[in-house]
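**Student:** I'll drop the sequence and a predicted model, then ask my questions.
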Protein chains: 2
Amino acid sequence: MKEIANKAGVSVSTVSLVLNGRDEGRVKSEIADNVRAIATKLGYRSNPLASSLRTGKTHILGFISEEVATTPYAGGMILGAQTAASQFGYMLITVSTDGENSESEEIAALKRYGTDGFLYAKMSNRITHAPSSLAKTPLVLVDATDSLGKIPSVEPDEFQIGYDATTRLVKAGCARIAYVGCSEPMIAQDGRLEGYQAALRDACLDYDDRLVVNVLNNGPALTAVSDLFDAEHPDGFFCFNDARAWYVYECAARRGLTVGKDISVIGVDNHRVFAETLEPMLTTVELPHFEMGYWAVAKLVSIIEGRSMDDVSRPATTAPLPPIDAPIPAKIHCTLIEKASVK
Amino acid sequence: MKEIANKAGVSVSTVSLVLNGRDEGRVKSEIADNVRAIATKLGYRSNPLASSLRTGKTHILGFISEEVATTPYAGGMILGAQTAASQFGYMLITVSTDGENSESEEIAALKRYGTDGFLYAKMSNRITHAPSSLAKTPLVLVDATDSLGKIPSVEPDEFQIGYDATTRLVKAGCARIAYVGCSEPMIAQDGRLEGYQAALRDACLDYDDRLVVNVLNNGPALTAVSDLFDAEHPDGFFCFNDARAWYVYECAARRGLTVGKDISVIGVDNHRVFAETLEPMLTTVELPHFEMGYWAVAKLVSIIEGRSMDDVSRPATTAPLPPIDAPIPAKIHCTLIEKASVK
DNA sequence: GTGAAAGCGCTAACAG
DNA sequence: CTGTTAGCGCTTTCAC
C-alpha cells in the first residue's frame, strides 16, 4: 500500500480511501482511477488481518454445527453458506462441535479471532436453544427454530413438503397412501404429517391413522413397515426420509412388488446416498440445504452491516425465496424436485 | 496486556515474554508467576490477529476439499483435523470447492488471511495433482496420493482392508467369496483387490475372476450383481463400499436369502447411512477418517513448526499409527471394526 | 533481568 | 480534496 502510494504520488490515506470505495466526493476521480490502476497492476491484495486490527471487523463468520460429522447433507448447507460468504466478501469458518463440552471452547476460540457473527445449524429442524455465549453477537439459526422466537432462522417449509409429496402420490393414482414418519418428536414430523393430512383432504381422501406409522430404524423399523404392508396394503408411501424409504423397498422386494409399478414411493432426501443408489426408482423431495445456507449468511451479513440486501444477486434456485429483509424469523420454502416418475 | 503489565508493575514486553513461555532464564521466576496469576485472574486472552500481524504466523490452517458437499464421511476427517488443530493451538478453516474454478479463488482468499499451511483432501484415495498455488506452502494430502510422490500424505492401507475383510469372510466359513468392486480406476480398488487375492491365497482358496465384478451404480450395478448371484452362487461378498453392499442385499431379498444366514456380506463403510440402516445385518470395515484428519494436521503442524511431535498425546484409536515424523509420504493403517457377526 | 521504543499494514480523525 | 498523525495489540531488538 505504501508502495502504491509512492508510485501514485499520493499518501497512503488516499490510497486507503480509494481502495475502500470511500473516495466519492473526497478524492479527485482521475487520481482515484490512477490509484486503482496501479493497485491492480501491482496485484495489490489488502491484508485483512491488518485492517481487522484497526476496524474490529474481521469479515469472518463462524458456522457452528453439531453434526457435520454425521450427516451427509450438511455439506450442501455449508456450500451454500460459503458461496454467499465469498460473494459478500466474508470468510466462513466451520466448526463441528462433537459434544456440548467442546462447543463453548470452539466458540471462544472463534470469538478470539474476532468473528463478526455466527450461524448455528442443526441437521434437522427442531426447537433449539442457542448457546448463551452467542447471545450478544449477530446470530442466525439454520434449519432450526429458536425456542424463544427471537433469533432469525432459516427453515424449510415442512407443511409444504408433506402437502406436495402427498399430492404427487395422489396424482400418480394412489388411493391408499401411507405415511412412514419419525417416532421422535420433531418440527418436521408434525409439519409433514399436517401437510399429508391436508393433501388427503384436498383430494377428498379419508385420513386413516392406520396408514400412519412412525418408526426409528433398524430391525424394529423394518418390522413396523412390514406389518403395515400386510395389514393395510398401501399403494403409495410418503416417507419421512430416504432411509425410511429403504424399508419400504426392502419389504416390497420381499413381496415381489416393484416400486414404480405396483407401489409408489416418495421420500425426503436426507442422505443423498440412498437417493443416488435407488435412482431412478425413488422420487425424492430435496430439502433446500444450499439455499438455507445461502440465505442464512445473506441474512447474517445484512444484520452485521445493518443494511438491506436487495441489490444482491440471488442464487439459482427453484425455491420461492423471501426478501432478505423479511420479518424475523424468516422462512424459506422448500423445493420439490421430481427425480423420476413414481408410477 | 497493558492492563496486566500495570497490575504486575512490569512492562508489556515482560508480559509478552512470560505469556509466550519465553521467560526461561530471562524473567525472574517469581515475577513470571505473578504475571501468569494476574493474567488468568483477568481472564486474559491473547488477540491472535494482533500477534499474527507482527509475527506473520496466523495459526490458521486451510482444509481444502472438493467434496465436503457430497460425501457424508468427510465429516469424520474434518472432525479429526479440527480436534488436532485445536489441540495444537490452531484454527481450521474448511473450504469446500465446488468446481475447479472456485478452488484457486478460495485458496487465494485463505492465503490473504495468512494461512500457515494447507490440508488437501479427497473423498477417496486417488492419484492427485495438488494445485500449483499450494506448491510453496506447507501442505499435506489427506486420503490422496501425490502424483509425484513428493508431498506428504495420509492414506488408508487399502491392501490391508481387502485382506482383512476377505479373511473375515473365510473365517466365517465362506468358500465362494465374491468381490463387488468399483469399475472406476482407483488406488483403493487395486489395493483391495490385491488384498482380496492375497487373503484367498493364504486361505488356500483359488482365485476365480468370475467371482469378481466391478460395477458403478443404479440399474446396471444391480443387474451385474444379480447375474453374479445366478451364475456363481457366492456365499460371501466383499463389497467395495456399503452402497455396493446394498445391491447384494436387494438381490438376496429377491431370492429369499437372508444375509447373516445364507450369505455373508462385508463392506467398506463409506456412507454411514447404509451401515446404520442395515445394522446389525451388515459387517462393515470403517475407514479411519478421523485418524487421517488428525494425523494430517499433526504432520502439517510438525512441518510448519519444524519440530518432531513425539511428545504430543495421540487420539484414541485402534489403528496402528506411525510416528508423526515417519518418512514422507506417511501412511497409516486401517481399522477393521466388526459391527456384527457375519454368519 | 527488565523496559523503552519501533513497527507489522492498515484506518480514521483532524488539519491543511 | 489530500496529507499528517496517531494508534489497533502484540512482538522484538536493543539499551540499561
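**Tutor:** Right, received. Where do you want to start? Numbers count the residues shown, from 1 in each chain, chains lettered A, B, ... in the order given.
**Student:** check whether the helix or strand hosting residue A:30 contacts DNA strand D.
**Tutor:** Assessed by DSSP states H and E, residue A:30 sits inside helix A:29-41. Yes. Applying Cβ under 7 Å from any atom of the strand, one finds helix A:29-41 touching DNA strand D at A:31, A:32. Using the backbone N, CA and C atoms, a C-beta is placed for each residue, glycine as well.
**Student:** Give the rounded mean pLDDT of that helix.
**Tutor:** For helix A:29-41, mean pLDDT rounds to 89.
**Student:** Point out the other helices and strands that that helix packs with.
**Tutor:** When contacts are defined as 3 or more Cβ pairs under 8 Å, 6 or more residues apart in numbering or on different chains; DSSP states H and E, helix A:29-41 sits against helix A:2-8, helix A:12-19.
**Student:** so does the helix or strand immediately after it in the chain get close to DNA strand D?
**Tutor:** Using DSSP H and E, the helix or strand that follows helix A:29-41 towards the C-terminus is helix A:48-55. Yes. Helix A:48-55 lies within reach of DNA strand D by Cβ under 7 Å from any atom of the strand, at A:50, A:53, A:54.
**Student:** relative to helix A:48-55, how tilted is the helix or strand that helix A:48-55 is followed by?
**Tutor:** Remark: after helix A:48-55, the chain's next helix or strand is strand A:60-65, criterion DSSP H and E. Calculated by axes from the mean of the first three to the mean of the last three Cα atoms, to 10 degrees, strand A:60-65 forms an angle of 100 degrees with helix A:48-55.
**Student:** Could you spell out the sheet neighbours of strand A:60-65, each with its direction?
**Tutor:** Strand A:60-65 has these partner strands in its sheet, going by DSSP bridges: strand A:91-96 (parallel), strand A:117-121 (parallel).
**Student:** Packing partners of the helix or strand just after it?
**Tutor:** Using DSSP H and E, the next helix or strand after strand A:60-65 towards the C-terminus is helix A:74-87. Packing contacts for helix A:74-87, counted by 3+ Cβ pairs under 8 Å, 6+ apart, involve strand A:60-65, strand A:91-96, strand A:117-121, helix A:289-305, strand B:91-96, helix B:100-112.
**Student:** try it again with 6 Å
**Tutor:** Counting by 3 or more Cβ pairs under 6 Å, 6 or more residues apart in numbering or on different chains; DSSP states H and E, the packing neighbours recorded for helix A:74-87 are strand A:60-65, strand A:91-96, helix A:289-305.
**Student:** Could you pull up the mean pLDDT of the first one?
**Tutor:** Computed over strand A:60-65, the mean pLDDT rounds to 93.
**Student:** So what's the gap between it and the chain middle?
**Tutor:** Relative to the centre of its chain, strand A:60-65 is centred 14 Å away, using Cα atoms, centre = their mean, to the nearest Å.
**Student:** Might one say that residue A:153 is in contact with residue A:141?
**Tutor:** Yes. Counting by Cβ atoms under 6 Å, residue A:153 touches residue A:141, with 3.6 Å between them.
**Student:** Let me have the helices and strands packed on helix A:74-87 in JSON lines, adding mean neighbour count as columns.
**Tutor:** Shown next, in JSON lines, are these (neighbours: other Cβ atoms under 10 Å in any protein chain shown):
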{"stretch": "strand A:60-65", "mean neighbour count": "25"}
{"stretch": "strand A:91-96", "mean neighbour count": "25"}
{"stretch": "helix A:289-305", "mean neighbour count": "25"}
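**Student:** As JSON lines, these with distance to residue B:43 would be great.
**Tutor:** Below are the helices and strands packed on helix A:74-87 laid out as JSON lines (distance: least, Cβ to Cβ, whole Å):
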{"stretch": "strand A:60-65", "distance to residue B:43": "20"}
{"stretch": "strand A:91-96", "distance to residue B:43": "22"}
{"stretch": "helix A:289-305", "distance to residue B:43": "26"}
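**Student:** Out of these, which is closest to DNA strand C?
**Tutor:** Taking Cβ to the nearest atom of the strand, helix A:289-305 is the member of the helices and strands packed on helix A:74-87 nearest to DNA strand C, at 13.0 Å.
**Student:** ok, back up a step: and the helices and strands packed on helix A:74-87 as TSV, adding distance to DNA strand C?
**Tutor:** Formatted as TSV, those follow (distance: least, Cβ to the nearest atom of the strand, whole Å):
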stretch	distance to DNA strand C
strand A:60-65	15
strand A:91-96	15
helix A:289-305	13
